[in-house]
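Colleague: Structure for this input, please:
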Amino acid sequence: MRNIVYAVGFASLVLAGCTQTQEQRAGTGALVGAGVGAAAGQVFGGNTRSTVAGAGAGALIGAVAGTASAPPSGPEYCRFRRADGTIYTARCP
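Modeller: Numbers count the residues shown, from 1 in each chain. Next up is the predicted model:
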């Protein structure tokens, strides 16, 4: 079961690097959150009720996090990396 949690975590890191709109990020966050929540519910609760509750909570939290992490809508914004490694958002050139 631990391998499933690691696989879902790795998949979320891979998906997080994609450029997406706010709606797409909310959907991706909900899917990844549901997977992580279901795996965590199964690991900690060990029954169907815990798995379903974990999936629901994970989907909700993932959708909120995905929406919050999207760049501002409106004019096109791009993500840039400074020399020190920090990331910032600004209008695309």
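Colleague: Could you use CA atoms for every contact and neighbour count after this?
Modeller: Noted.
Colleague: Please pull up the helix or strand immediately following the helix or strand of the chain with the lowest mean pLDDT.
Modeller: When each helix and strand of the chain is scored by mean pLDDT, DSSP states H and E, helix 2-16 comes last, with a mean of 58. On the C-terminal side of helix 2-16, the closest following helix or strand by DSSP states H and E is helix 22-45.
Colleague: what packs against that following helix?
Modeller: helix 2-16, helix 48-68 (3 or more C-alpha pairs under 8 Å, 6 or more residues apart in numbering; DSSP states H and E).
Colleague: tell me which strands and helices the longest one is in contact with?
Modeller: Under the contact criterion of 3+ C-alpha pairs under 8 Å, 6+ apart, the helices and strands touching helix 48-68 comprise helix 22-45.
Colleague: and the angle for the helix it packs on with helix 48-68?
Modeller: 150 degrees (axes from the mean of the first three to the mean of the last three C-alpha atoms, to 10 degrees).
Colleague: Number the chain from 789, please
Modeller: That works, and once the first residue is 789, the last one we named lands at helix 810-833.
Colleague: Give me the buried stretch members for helix 810-833, please.
Modeller: 810, 813-830 (16 or more other C-alpha atoms under 10 Å).
Colleague: which element is residue 876 on?
Modeller: strand 875-879.
Colleague: Parallel or antiparallel, list what pairs with that strand.
Modeller: Strand 875-879 pairs in its sheet with strand 865-869 (antiparallel), by DSSP bridges.
Colleague: any residues touching the partner strand, and which ones?
Modeller: Residues outside strand 865-869 that contact it (C-alpha atoms under 8 Å, 6 or more residues apart in numbering): 859, 875-880.
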